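Enquirer: Starting from these lines, generate the structure:
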Amino acid sequence: MLELELYTEGWEEFPKWWVFLENLQFLLYWAVGFVGMYWLQADGLPVVSILYAAFIVVVVGIVLKKHNCATCYYYDKWCHLGWGKLAAKMFERDAGNRKLGMKIANVVYPLIAFGPLAAMVISLILKFRVIVLGCLIVYFFWGILQFAILRKEGCRRCKLRYVCEGSAAKK
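Expert: Next comes the predicted model:
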């Protein structure tokens, strides 16, 4: 891990209720995206939704754990998502490359957020379904809530608040 100046008022570890709720909201957000894309199928198989879920599992669940979480101050600690604890079960400390991890994250998270929006619009153009429209609306506003408001709350309490490349609360 790089030696960085830590935010002294940041939480050493996040409470488990916080970790649970933040993971729950991520999982539900991704599930809404999955359901909203469900009707983009090939031979009755929801290929787009399956690829979306597989992409999240592989890239967020493994690749980013190695490159970001295994190199983070919160490695083997309860960060806002608890992923530092998970990374410690999967990888040795500093197993990844933090700069590469941040580059990947800067591509992956927008894809995870905007991919389903585009896919749901395409689905609606192909055939209007109320459930897809509902998923689109929920997903859109949940994304705004998640990335513009909720994310900042975790970053505000993080020890790496001012030095993390991904911080939403540098001010």
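Enquirer: and the gap between the residue lying closest to residue 97 once chain neighbours are set aside and residue 98?
Expert: Excluding the flanking residues, the one nearest residue 97 by C-beta to C-beta, 6 or more residues apart in numbering is residue 67, at 5.6 Å. C-beta: built from backbone N, CA, C; applies to glycine. Separation of residue 67 from residue 98 (C-beta to C-beta, to the nearest Å) stands at 7 Å.
Enquirer: So for these two, which sits in the more crowded spot?
Expert: Taking neighbours as other C-beta atoms under 10 Å, residue 67 and residue 98 compare with residue 67 leading, 23 against 18.
Enquirer: Please identify the buried residues of the top helix by length along the chain?
Expert: The longest helix of the chain (DSSP state H) is helix 98-126. Buried residues in helix 98-126, counted by 16 or more other C-beta atoms under 10 Å: 98, 101-102, 104-105, 108-109, 112-113, 115-117, 119-120, 123-124.
Enquirer: any idea where the strands of this structure begin and end?
Expert: Along the chain, no segments are classed as strands by DSSP state E.
Enquirer: thinking again about what came up before, next one: the residue nearest to residue 97 from residue 118, what distance?
Expert: 26 Å.
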